[in-house]
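**Student:** Next come a sequence and a model predicted from it.
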Amino acid sequence: MHVPYVVGAADALGIPFLTPYLAGNKSGDYAHGANFAVGGATALGRGYFRRKKLDARFTPYSLRWQMRWLKKVLVMVSSQQGTPIALPWLTAPQR
C-alpha cells in the first residue's frame, strides 16, 4: 500500500497523525503515539558500513537509534502516568 493511501485513509477516518519523535519534547506530545521513522534509516549502524568501506552519509540514524527513542518515550509516558515501566526487552544484552 502506498503512503498517500494510508495518509488519506487515516485522515478520512479522523485518526490523528503520530508526532515525529524528533518534534516532541514531553509526554503530551505523544498523546496519539510517536513516529520513529527516519527517511533512509538502516537496520545496521554506521560502523558496519565504515568497516565495509561503504558510504554511510545517507543517514546518521539506524534501528538502534530508533529503539533508544522508543525506550525514552515509553519511560516518559509511563512516568507521566505514574506507572513506572520495566523494559527488559529493550535492554541491550550485556557483553
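**Tutor:** Thanks, I have the structure now. Remember, it's a predicted structure, so these values are computed and weren't measured experimentally.
**Student:** who touches the residue nearest in space to the middle of the chain in this structure?
**Tutor:** For the chain, the residue nearest the mean C-alpha position is Phe36 (2.4 Å; CA atoms, centre = their mean). Contacts for Phe36 (CB atoms under 8 Å, 6 or more residues apart in numbering) come out as 21, 66, 69-70. Yep, even glycine has a C-beta here, placed from its N, CA and C like the rest.
**Student:** and with 10 Å instead?
**Tutor:** 18, 20-22, 61, 63, 65-70, 73 (CB atoms under 10 Å, 6 or more residues apart in numbering).
**Student:** do Phe49 as well
**Tutor:** Counted by CB under 10 Å, 6+ apart, Phe49 has contacts 42, 55-58, 62.
**Student:** Can you tell me which of these are classed as buried?
**Tutor:** 42, 56, 62 (16 or more other CB atoms under 10 Å).
**Student:** Relative to Asp29, which of those is nearest.
**Tutor:** Nearest to Asp29 out of the buried ones among the contacts of Phe49 is Ser62 (CB to CB; 23.2 Å).
**Student:** Find me the pLDDT at the closest one, would you?
**Tutor:** For Ser62, the pLDDT comes out at 89.
**Student:** Let me see the contact set for it.
**Tutor:** Contact partners of Ser62, counting by CB under 10 Å, 6+ apart, are 38, 41-49, 56, 68.
**Student:** again, 8 Å this time
**Tutor:** When contacts are counted by CB under 8 Å, 6+ apart, Ser62 touches 41-46.
**Student:** any idea how far it lies from Ala10?
**Tutor:** From Ser62 across to Ala10, the span is 27 Å (CB to CB, to the nearest Å).
**Student:** do Ser79 as well
**Tutor:** 29 Å.
**Student:** Tell me the spacing between Asn25 and Leu44.
**Tutor:** From Asn25 across to Leu44, the span is 29 Å (CB to CB).
**Student:** Also His32?
**Tutor:** Going from His32 to Leu44 by CB to CB gives 30 Å.
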